[in-house]
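Asker: Coordinates only, no sequence provided:
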Ligand SMILES: Nc1ncnc2c1ncn2[C@@H]1O[C@H](COP(=O)(O)OP(=O)(O)O)[C@@H](O)[C@H]1O
Ligand SMILES: [Mg+2]
């Protein structure tokens with residue numbers, strides 16, 4: 001589908017990092033360890049975009065900023081036209097319901113004490129959805145991620161890595177979000193499973209027509225899961241454009257290095 005011009009996420013001149021406090025009297029002084037230097041990013045309705053960068057470049061930090069979990073030191077963060085950090089926590093949570101999120105490591109992300117059906121329906125908790133409707137939605141998304149409804153009564157420990165990732169994807173779309181954000185969606189999985197998960201994400205994109213934002217260190221994954229990409233290097237976006245053009249005509253030295261290591265790996 002052709003992306004429309006509606007902005008789903010917009011970051012303008014975002015600077016963000018983590019506050020550290022010293023020991024003893026130094027604890028009176030807060031210091032921000034800046035991770036994201038000056039980020040400008042726009043994600044449009046229905047598009048597939050990737051953020052590519054090596055480990056430690058600030059990818060997960062960038063997602064925390066978008067997910068309302070890390071207030072930037074400066075700059076604007078808008079989700080569906082609303083500047084999220086200007087709202088109270090509860091209002092912010094409401095706006096952020098338009099986002100579906102699949103965290104980095106499926107093995108760590110799932111609460112081992114909860115049954116799969118509780119995990120999947122979690123985004124609908126504290127909404128006014130009737131139990132029968134929740135049940136119906138759970139069955140709908142479990143089919144969409146091609147799992148049998150037999151697994152609904154199981155616990156995460158009984159599932160394979162690929163199944164866990166499908167459960168997380170089911171949970172991320174149950175509330176019909178405008179955008180699906182995936183943090184390294186294949187990196188914790190066996191190579192044989194990675195292609196299946198990529199195909200599943202692309203099928204969901206076609207069916208639900210939502211925007212897909214994938215964070216990855218892997219150019220190959222980005223090529224399959226996005227049309228447009230930005231390259232993040234030490235907290236700066238050093239290059240952006242169509243992924244095929246970035247790969248064939250890289251402009252930045254760091255992008256060249258990424259491509260060389262990608263080509264060496266295939
Ligand atoms: N909770 C945190 N507190 C302090 N520093 C952090 C925290 N999380 C990440 N960092 C630092 O921020 C930098 C970027 O980390 P991250 O955003 O996780 O990178 P990536 O996801 O690209 O691997 C790293 O130097 C990391 O050590
Ligand atoms: Mg990360």
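Answerer: Cool, got the structure. Only a predicted model underlies this, so the values are computations on that prediction, with no experimental measurement involved. Ligands and ions are numbered 1, 2, ... in the order given.

Asker: element containing residue 240?
Answerer: For residue 240, the host element (DSSP states H and E) is strand 236-242.

Asker: Does that strand reach ligand 1?
Answerer: No: Strand 236-242 does not reach ligand 1 (CB under 6 Å from any ligand atom); its nearest approach is 12.4 Å. For every residue, glycine as well, the C-beta is placed using N, CA and C.

Asker: How far off centre is the very next helix or strand once past that strand?
Answerer: Counting by DSSP H and E, the element after strand 236-242 in chain order, helix or strand, is helix 243-248. Computed by CA atoms, centre = their mean, to the nearest Å, the chain-centroid distance of helix 243-248 equals 22 Å.

Asker: May I see the buried residues of the next helix or strand after helix 243-248?
Answerer: Per DSSP H and E, the first helix or strand lying C-terminal to helix 243-248 is helix 253-265. Under the neighbour-count criterion of 16 or more other CB atoms under 10 Å, helix 253-265 has 254-255, 258, 262 buried.

Asker: okay, these in JSON lines with distance to ligand 2 and pLDDT next?
Answerer: Converted to JSON lines, those look like this (distance: CB to the ion, whole Å; pLDDT from 0 to 100):
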{"residue": "254", "distance to ligand 2": "17", "pLDDT": "91"}
{"residue": "255", "distance to ligand 2": "19", "pLDDT": "92"}
{"residue": "258", "distance to ligand 2": "16", "pLDDT": "88"}
{"residue": "262", "distance to ligand 2": "18", "pLDDT": "83"}
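
Asker: Save the residues you listed as JSON lines, and put in distance to ligand 1 too.
Answerer: Shown next, in JSON lines, are those (distance: CB to the nearest ligand atom, whole Å):
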{"residue": "254", "distance to ligand 1": "13"}
{"residue": "255", "distance to ligand 1": "16"}
{"residue": "258", "distance to ligand 1": "13"}
{"residue": "262", "distance to ligand 1": "17"}
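
Asker: pretty sure residue 185 is in a helix, no?
Answerer: No: Residue 185 is assigned coil when assessed by DSSP: H, G, I helix; E, B strand; the rest coil, not a helix.

Asker: Identify the residues contacting it.
Answerer: Shown in contact with residue 185 (CB atoms under 8 Å, 6 or more residues apart in numbering): 102, 165, 197-198, 201, 214, 216, 221, 225.

Asker: quick one: which of the residues you listed has the most company?
Answerer: residue 165 (29 neighbours; other CB atoms under 10 Å).

Asker: Apart from its neighbours in sequence, what residue is nearest that residue?
Answerer: residue 106 (4.6 Å; CB to CB, 6 or more residues apart in numbering).

Asker: Flag every residue of this structure that's near ligand 1.
Answerer: 18, 35, 53, 55-61.
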